[in-house]
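**Student:** The following block contains a protein sequence and its predicted model.
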Amino acid sequence: MLGKGIIKGLAETARNFFGSFVSERRLTTVPYPDARQPLAENTRQFPFLVYDGDDWEQGLRCVACQICEKECPPQCIYIVKSKDKKPDYKGQMQFYPAVFDIDLAVCMSCQICVEVCPFESIKMDTEFELSTADRFGGLLFHKKQLAKPNAHYHRIHPTDAAASDAVLAAEKAKQEAKARAAAEAKAKAAAPAPVAPPPSAS
Amino acid sequence: MSIAAATNGKRHRLVPPPSPADGALGELLEISMGPQHPSTHGVFRMNLVLDGERVVKLKPVFGYLHRNHEKIAESMSYLGSMPYTDRLDYFCSLTNNWAYALAVEKLAGLQVPERAEYIRVITAELTRLQNHACLGGFLLQDMGASGTPLMYAFREREKILDLFEALTGARMMCNYMRFGGCRCDLPPGWREQAQRLVAEFPAFLDEFEALLNENEILMARTQGVGVLPASLAVNASISGPMLRASGVNYDIRKVDRYGIYDRFDFQVPLGEHGDVYDRYMVRILEMRESLKILRAALADLPEGPIMDPKARLRGFRPKPGEAYGRIEAPKGELGFYLISEGGPHPYRYRVRPPSFINLTILEDMCLGQLVADVVIILGSVDIVLGEVDR
Amino acid sequence: METLAQIKARIEAAVAGAVVEMVPNDSPSGQHSLWVDNSHAVAVAQFLREDPELRFDFCSNVTGVDWPETERTEKVKTTRLVDGVETSVEEIRKTKRPGFLEVVYHLYSVALKHGPLILRLRTENRSDQVQVPSLTPVWRGCEFQEREVFDLFGVVFTGHPDLRRILMWDEFTDHPMRKDYVEPDDYEYEPTPHDEVLVKARRSGRGEAGT
């Protein structure tokens, strides 16, 4: 019968219309911004810089190695290395970024900077409501705007943050063990040797 | 399952297909359709010459979105091009990633661990599901079914994008695959969520088919329209569902058996008439086959590493040589051709974009058709301008 | 599929006078290719398509490659008579390879489900002798791709039915995929933190963002 297919289709539309009041499968949207979908843990938007402790300038993990600047596909990162050094989380003296800018208008949220960073210092944020009236200056984020505490990282990506803390802790432990071993060897070498062994390390 | 079985063999062509020999040519009218025409799926223009309502000549014009992706890639590290491939066919970023990763793996001789291969198959088939579902919606939108089927398809796509977000961190620009594996492992609970989606998806397909397959208007508008004969389809390098709708059994998943596709049991749906309706139906049936693959892959997913230990993220310099890698993307054969000179950048980087090449025969399909059908024929080619223009 | 050497031998037997040369590929992909001379390219393509054992009916990918003139220096050890004594001397030899444009075709067979066979055509140079025969009469699928190669590389395909620019606009004059292409500095740059682009942006009179 001609028209049967159309009637069948209309029945389907009616089922969907009434179903959307009762079935969760048929109602997938939420009235944003009054209600929000929970974000997945892996969600990534734009990069931020992690700092430890309370002082954002002192605690910044970034050592201005400029790997992310080189690897960034759209070249949206701009770093100027400092002239002086400051101690990092291990207590080693390191350079720090005198200028660290990310142009969010250019950034394409690819996460390559995070992947190549050897210092666990740049991570992806989940903040996406960044609209601004100033197209150029407003989307150019400076070091201060980019710096966010480790606690923030723990809040948005708990699994990744724990993993990166573990990496840093392991490195710190390694460094401390190395320092201790070096100190012991030094003490041994400095002490008057009873049997006079050759100084193993200095 | 064949198309005839899926639709009980129904064909409803109410208007006889027009032929170009109908009467003498009247006064010809030249019109430019696009680039802002809502039916052109982006910025695409067709220069039409019409005789009354019939198309006498059609010249596609594109390049409005051209940003010379290949040139950019040749000045960038191999890894740096990966996020750009997301932006070729922005509907199917994961299959684009895979094609590029496959070509680089051939070039550098990297092995992909088994678990990563499974994850790739799962993500690629999910991509195919959402692409085909939306294509059905868009095609019907072009036909005047404004909104309803498209919104139904988008509702399902939303759930697939949620899965992508949970896995890769982004909904569309996933940038997930790496040379020699995948970037990160599945988050906890992802597999179960995907299995739930695969279990629920057939209900959507049933609904979608009940809504449309036997709809007389759809049949009248699409059957016998834009016929593409098999011999021309092969000669013109048409690939993907378009080629199969013309009855040519050629699926790269079956032919090349790249990845681990030889482990899955699935059929290749074929069309008989090569018209718009067959192109639509082939995609609907392909979704059912994708679900079969997904079910098997999610059940068999092994444990293990997800990256080749030889693979390096930074300082990646393949030996001099060249490689062409291709996969069956939802839109057709997506290939990447790379030449390495041993440096950190590819010397030559070429994308073989399926929807660009599928446009070659647009004029042939449209000649003698009504101008209103041009919209549907273009819709059935399934183009994405990000890929056509690159 | 037959090996490349077999295919080469059969081409030479079937197409009289055709010059076919193997181009080896050292990468792990092992995709070696055949370089065919321009005057017999169409006949070779026809043979590849029609031959019942090859049936390369699907021309998947067509692309150009730009090879500018390069000078390669290599160290060669030679023996030479120096003051009446034969000694081995290291010599630096310079070899000049003239520049040319290359068109690469990736062929597959849909009927027999094999491939790829890679064909290469080369132009004489990069400036005035840039013609290669078009294979569009053999494989319709080359039509848009050859137009693209013409547009981006400047290879002129003789026998192409409709050779126009395809991605760039008609009034554009240069060929952007060539290695020596210099982009015109007439764009409206948007200021970014990068000094180089920022300088250009300031020159084109845009905003003063950045540091």
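**Tutor:** Thanks, I have it.

**Student:** Scan the helices and strands of the chain for the one with the lowest mean pLDDT.
**Tutor:** Here I'm looking at chain A. Using mean pLDDT, DSSP states H and E, the weakest-scoring helix or strand in chain A turns out to be helix A:56-59, at a mean of 80.

**Student:** Chain B is the one I meant
**Tutor:** Min over SSEs of chain B, mean pLDDT, DSSP H and E: helix B:3-6 (a mean of 68).

**Student:** Could you point out the helix or strand that follows that helix?
**Tutor:** Sequence order places strand B:28-33 as the next helix or strand after helix B:3-6, per DSSP states H and E.

**Student:** OK, contacts around residue 117?
**Tutor:** Because you didn't say which chain, this covers chain A. Shown in contact with residue A:117 (Cβ atoms under 8 Å, 6 or more residues apart in numbering or on different chains): A:67, A:68. Yep, even glycine has a C-beta here, placed from its N, CA and C like the rest.

**Student:** Chain C, not that one
**Tutor:** By Cβ under 8 Å, 6+ apart, the neighbours of residue C:117 are C:1, C:4, C:7, C:34, C:48, C:54, C:56, C:106, C:107, C:108.

**Student:** Residue 146 - how many residues pack around it?
**Tutor:** Defaulting to chain A. 24 (other Cβ atoms under 10 Å in any protein chain shown).

**Student:** wrong one, chain C
**Tutor:** 29.

**Student:** Please confirm that it is located within a strand.
**Tutor:** No. Read with DSSP: H, G, I helix; E, B strand; the rest coil, residue C:146 is helix and lies in no strand.

**Student:** Might one say that it is in contact with residue C:63?
**Tutor:** No. Taking contacts as Cβ atoms under 8 Å, residue C:146 lies outside contact range of residue C:63: 9.9 Å.

**Student:** Tell me which stretches of the stretch 1-150 of chain B form strands.
**Tutor:** Using DSSP state E, counting those that start in this stretch, the strands of the stretch 1-150 of chain B run over B:28-33, B:45-51, B:54-61.

**Student:** export these to JSON lines and tack on mean pLDDT?
**Tutor:** Shown next, in JSON lines, are those (pLDDT from 0 to 100):
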{"stretch": "strand B:28-33", "mean pLDDT": "85"}
{"stretch": "strand B:45-51", "mean pLDDT": "86"}
{"stretch": "strand B:54-61", "mean pLDDT": "86"}
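
**Student:** could you pull out the helices for chain C?
**Tutor:** Per DSSP state H, chain C carries helices over the ranges C:4-14, C:41-50, C:142-153, C:195-203.

**Student:** so of these, which one's packed in deepest?
**Tutor:** helix C:142-153 (a mean of 25; mean count of other Cβ atoms under 10 Å in any protein chain shown).

**Student:** which helices and strands does that one pack with?
**Tutor:** Packing contacts for helix C:142-153, counted by 3 or more Cβ pairs under 8 Å, 6 or more residues apart in numbering or on different chains; DSSP states H and E, involve helix B:354-358, strand C:58-67, strand C:100-109, strand C:156-158.

**Student:** Please convert these to CSV, extending it with mean neighbour count and distance to residue A:188.
**Tutor:** Converted to CSV, the helices and strands packed on helix C:142-153 look like this (neighbours: other Cβ atoms under 10 Å in any protein chain shown; distance: least, Cβ to Cβ, whole Å):
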stretch, mean neighbour count, distance to residue A:188
helix B:354-358, 27, 70
strand C:58-67, 25, 64
strand C:100-109, 24, 67
strand C:156-158, 17, 79
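
**Student:** Can I get these in TSV including distance to residue B:342 and mean pLDDT?
**Tutor:** Listed next are the helices and strands packed on helix C:142-153 as TSV, based on distance: least, Cβ to Cβ, whole Å; pLDDT from 0 to 100:
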stretch	distance to residue B:342	mean pLDDT
helix B:354-358	30	90
strand C:58-67	15	90
strand C:100-109	18	90
strand C:156-158	31	90
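
**Student:** Surely residue B:165 and residue B:173 touch.
**Tutor:** No. Residue B:165 is beyond contact range of residue B:173, at 10.9 Å (criterion: Cβ under 8 Å).

**Student:** coming back round to it: I'd like the helices of chain C written out as TSV, with mean pLDDT added.
**Tutor:** Compiled in TSV, those are given as follows (pLDDT from 0 to 100):
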stretch	mean pLDDT
helix C:4-14	84
helix C:41-50	88
helix C:142-153	90
helix C:195-203	70
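
**Student:** With distance to residue B:212 added, can I get those in JSON lines?
**Tutor:** Listed next are the helices of chain C as JSON lines, based on distance: least, Cβ to Cβ, whole Å:
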{"stretch": "helix C:4-14", "distance to residue B:212": "48"}
{"stretch": "helix C:41-50", "distance to residue B:212": "39"}
{"stretch": "helix C:142-153", "distance to residue B:212": "32"}
{"stretch": "helix C:195-203", "distance to residue B:212": "50"}
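
**Student:** Out of those helices, which gets nearest to residue C:116?
**Tutor:** helix C:4-14 (10.9 Å; Cβ to Cβ).

**Student:** what residues does chain A put near chain C?
**Tutor:** A:75-78, A:99, A:101-103, A:105-106, A:135-137, A:140, A:142 (Cβ under 8 Å from any Cβ of the partner chain).

**Student:** of the residues you listed, buried ones?
**Tutor:** A:75, A:76, A:77, A:78, A:101, A:102, A:103, A:105, A:106, A:136, A:140 (16 or more other Cβ atoms under 10 Å in any protein chain shown).

**Student:** Could you find the lowest-pLDDT member of the residues you listed?
**Tutor:** Across these, the bottom pLDDT score, 71, is held by residue A:136.

**Student:** quick one: the helices in chain A?
**Tutor:** A:4-22, A:56-59, A:67-71, A:112-116, A:143-146, A:150-156, A:158-190.

**Student:** among those helices, which is nearest residue B:129?
**Tutor:** That would be helix A:4-22 among those, by Cβ to Cβ, at 19.2 Å.

**Student:** and residue B:322, that's in a strand?
**Tutor:** Yes. Checked against three-state DSSP, residue B:322 lies within a strand.

**Student:** For the nearest residue to it once chain neighbours are set aside, give me phi and psi.
**Tutor:** Setting aside the residues directly before and after it, residue B:322 is nearest to residue B:339 in space (Cβ to Cβ, 6 or more residues apart in numbering or on different chains), at 4.4 Å. Main-chain dihedrals, residue B:339, degrees, to the nearest 10: phi -120, psi 130.

**Student:** surely residue B:339 meets residue B:345?
**Tutor:** No. Using Cβ under 8 Å, residue B:339 makes no contact with residue B:345, being 10.7 Å away.

**Student:** quick one, which of those two is more surrounded?
**Tutor:** In this view residue B:339 and residue B:345 are compared by other Cβ under 10 Å, and residue B:339 has more residues nearby, 23 against 16.

**Student:** quick one on the thing from earlier: counting contacts, what elements does the least confident helix or strand of chain A pack onto?
**Tutor:** strand A:47-51, strand A:147-149.

**Student:** Many thanks, have a good one.
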